[in-house]
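J.: Below is the sequence, then the predicted model.
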Amino acid sequence: MGGNELETVVEMKGITKRFPGVVANDHVDFDLKPGEIHALLGENGAGKTTLMNILYGLYRPDEGKIFVRGEEVKIRSPKDAMELGIARVPQFPETVDNLSVAENLALLLPGKILRKNKIQSMIKELAERYGLELDVDAMVYELSMGEKQRLELIKALCRGAEILILDEPTTVLTPSEVESLFQVLRRMKEEGKSIVFVSHKLEEVFAIADRITVLRRGKKIATVPAKEITKLELAKLMVGRPVTFELKKEPVVFGEEVLKVNNLRVLDDRGLLAVKGVSFSIRAGEIFGIAGVAGNGQRELVEAITGLRRVEDGEVVILGKDVTNKSSADIIKLGVAHIPDDRRVGAVLTLSVMDNLMLKNYTNFSKNGILDLRKARELAEKLIEKYKIVTPNVNVPVQQLSGGNIARLILARETSGECKLLIAFHPTFGLDVAATEEIRKLLLELRRKGVAILLVSEDLEEIMQLSDRIAVMYRGTFMGIVDSEKAKVEEIGLMMGGVKPET
Amino acid sequence: MLNLRLERREVTPEIELIATIVAILLAFVIAAFIFLIYGINPLYAYAQIFGTVRKAHRLGEIITKLIPLLLCGIGLTIAFKANTWNIGAEGQLLIGAILATWVALFLSVPEFTRLPLMFLLGFVGGAAWAFIPAVLKSKLGTNEVITTLMMNYIAACFVDYLIYGPWKGAEEWGFPYTNKFPISAWLPTIPKTRIHWPTLIIALVSAVLLYFLLTKTTIGFELRVAGQDERVARYAGISVEKAIILAMIISGGLAGIAGVGEVAGVHHRLRYASSISSGYGYAGIIVALLARNNPILSIITAFFLAILFVGGDAIQVSMGLPFGVVNIFNGIILACLLTSEFLAKYKISWR
């Protein structure tokens, strides 16, 4: 921090930002010291991203002041932010995938000629300083998510960033990639960079942050040094009520076989084999977990089972019926509920809450093709209450709801009907602690009722907590299927990385 | 340097209404320059155009033109709701006119069934003409804007081929018309006007029925979901192909009926494509968009466009303006409308 006399590099005072119907930030104070990692913790919709978008010049605050290195500034665009040395590493890498690493970096540099030597030496220097190694000749589409994020970090540093905003940087990473990211961040800190680490994951925040600021519903709740608080206290601050980390999983007697997948082979969008001969079965009342890093064929597998993707070879049998390459409508009729990993696939954002709640069972409200909208409204209102969906009324378009509420809406629709098989793909992805807990409880509740559940998740804790059996998917195949009671986290972690267990 | 910033905002019905009105007003302002070039006071020109409403014989003409505009427009609201950009109402209208002519002149059927059959086949013809691009889009993913547009030219050339060639009327002294329809193929009109009221009633009833279809039926629900988001529709087990094809059949069929109305109610023969329809199929796009794809609101917007058509004709004669002025005006409205759509969605600020 050599001779830096500044108390703070960034100070945000009384920041208020209103959106139609919500106050996203309500007089929030936030400051960042030189050479520190300051975590911004909060549930979904707490206003973390809004606050950082203001700092990065994407939004303008309605009220409040920003000081950078002691001087009041108006940040009107990301360009202004960059001139002040503020850079943002986006949650999902924004790289040009069909260019090489060198070409992606050249886009940032002045001049129109690709100076590869310069880029090479630059990367070499960064690698030595921060451990940011990357092959300059590699095409970006070949890179893993972790490597793409490294490229984003390099981009930020090339632009001369002194203040880095990392918005949920671990979302797309495997556990080992998270660890190497943390090492890089620590090195950056030692070099005097200041880092804002936006997250809702308690463990990570504890592992990396010096100070922690908690936001809840747009308000700042507290700023505390990480060493002076426990995980439970922090969770309480974040949620506003005590949280249990234990879930009760009652023993259940499994029923008939609900889903049977036999030697399934499925292509991905590029026409390459993504699922390479997968077989398993799930009985009523059983949760079958599929662990693995995203992009190892999970999506293609789920889409093939739900009738959204063609099966090349093998078969899918649901409740004794062969549904291989049947339409999604036919499969839904058998009582298959599906929570997709992408919420934009599970709900029409421009249509109303009511329309979305009846998306799959609208025919139940029809008589000779004419909809009984009063009945549909009554049911929608019931579901909103039961599943605690926060919405002004049933007629607002879903896009006005927060991510967590859209997730609840999808869950409400999928699990309220007659459901025999539930396919839950990242059901708690991006959700806050409270919502995550509720959803996990609900899955266990459904299990008790005898629903067969296929749970696909990258969250190992979730898989371990809920599943009866666990399969690990790696490059289109199952590395193994283990009983969750006998499973060890380390063993599953190894399989996620492609290492076969020794038997 | 001008630095524009866009922020997405919630589009409420109020914002949509304001955007539509602003678009129309802006179109009037821009179009004013055309009148200025001709040395005409724009306010005087607009007063003349809208003054037509107060004259009884002009009002009759306005309602006569409203009929095809409304039929094309409401059909297009359904297509647009299904996210299918049918630019082909013009051609679908002409095919309806051709089939109606065939029934009127060449089919031997009991006379009392002639008109109903003309409407029926007119609908089928228009629907079939729309069905082709609909299938191409849903099965092969071709762009319907191109295919429907191109099929307009095919339909127009086919009309011209028929009236110059095989269907050229013997009684017409060499003019490129078909023979006049027998009286049994004439639609009744309201006395002293050219308003062929049966078609008007079909149009108004269809507007109400389509509104009901869109908002209160399972088919309408499927159309809206498929039109808003194909991926979600597939996920929910709703067939996007079915929605596209159904929307196009309705859209094309209603345009076909408009064609029947023109030949059976106004011209009583088939003639040049450009005489049968003075761009009703294209103007129908504006009818639908101004009404924000609401079939009932389309009655108002079709009336508005009909005033422009009739008023435009009137000032062409009285002020010696060229033929294209109304088309230019319609084009300006469309451009302003599309811009306003964008402005309604985003808040723009600059420094």
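T.: Looks like it arrived, so ask away.

J.: How about the contacts made by A:Lys201?
T.: For A:Lys201, the contacting residues are A:Thr170, by CB atoms under 8 Å, 6 or more residues apart in numbering or on different chains. Backbone N, C-alpha and C define where each C-beta goes, glycine included.

J.: So B:Gly174, which state does it fall into?
T.: coil (DSSP: H, G, I helix; E, B strand; the rest coil).

J.: just the strands in the stretch 1-150 of chain A please.
T.: Listed in chain order, the strands of the stretch 1-150 of chain A (DSSP state E, counting those that start in this stretch) span A:10-19, A:22-32, A:37-42, A:63-68, A:71-73, A:86-89.

J.: Oh, that last question was meant for the stretch 1-150 of chain B, not what I typed.
T.: B:4-8.

J.: thinking again about what came up before, any idea which of the strands of the stretch 1-150 of chain A gets closest to A:Leu237?
T.: strand A:37-42 (8.3 Å; CB to CB).

J.: Partner strands of that closest one, with direction?
T.: strand A:194-199 (parallel), strand A:211-216 (parallel) (DSSP bridges).

J.: Break down chain B into its helices, ranges please.
T.: B:13-37, B:42-51, B:56-81, B:89-106, B:111-135, B:144-164, B:197-216, B:218-228, B:230-235, B:240-261, B:273-276, B:280-290, B:297-319, B:325-345 (DSSP state H).

J.: would you turn those helices into a markdown table with mean neighbour count?
T.: Shown next, in a markdown table, are the helices of chain B (neighbours: other CB atoms under 10 Å in any protein chain shown):
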| stretch | mean neighbour count |
| --- | --- |
| helix B:13-37 | 15 |
| helix B:42-51 | 15 |
| helix B:56-81 | 26 |
| helix B:89-106 | 28 |
| helix B:111-135 | 22 |
| helix B:144-164 | 18 |
| helix B:197-216 | 18 |
| helix B:218-228 | 22 |
| helix B:230-235 | 20 |
| helix B:240-261 | 28 |
| helix B:273-276 | 19 |
| helix B:280-290 | 26 |
| helix B:297-319 | 20 |
| helix B:325-345 | 18 |
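
J.: Could you export the strands of the stretch 1-150 of chain A as TSV, including mean neighbour count and mean pLDDT?
T.: Shown next, in TSV, are the strands of the stretch 1-150 of chain A (neighbours: other CB atoms under 10 Å in any protein chain shown; pLDDT from 0 to 100):
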stretch	mean neighbour count	mean pLDDT
strand A:10-19	19	91
strand A:22-32	20	89
strand A:37-42	26	91
strand A:63-68	16	94
strand A:71-73	12	93
strand A:86-89	25	92
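
J.: what would these look like in JSON lines with distance to A:Leu107?
T.: Below are the strands of the stretch 1-150 of chain A laid out as JSON lines (distance: least, CB to CB, whole Å):
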{"stretch": "strand A:10-19", "distance to A:Leu107": "27"}
{"stretch": "strand A:22-32", "distance to A:Leu107": "28"}
{"stretch": "strand A:37-42", "distance to A:Leu107": "28"}
{"stretch": "strand A:63-68", "distance to A:Leu107": "26"}
{"stretch": "strand A:71-73", "distance to A:Leu107": "26"}
{"stretch": "strand A:86-89", "distance to A:Leu107": "15"}
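
J.: With A:Gly307 as the reference, measure out to whichever residue of the stretch 301-450 of chain A sits closest to chain B.
T.: Using CB to the nearest CB, the closest approach of the stretch 301-450 of chain A to chain B is made by A:Ala329 at 3.3 Å. Counting by CB to CB, to the nearest Å, the separation of A:Ala329 from A:Gly307 is 8 Å.
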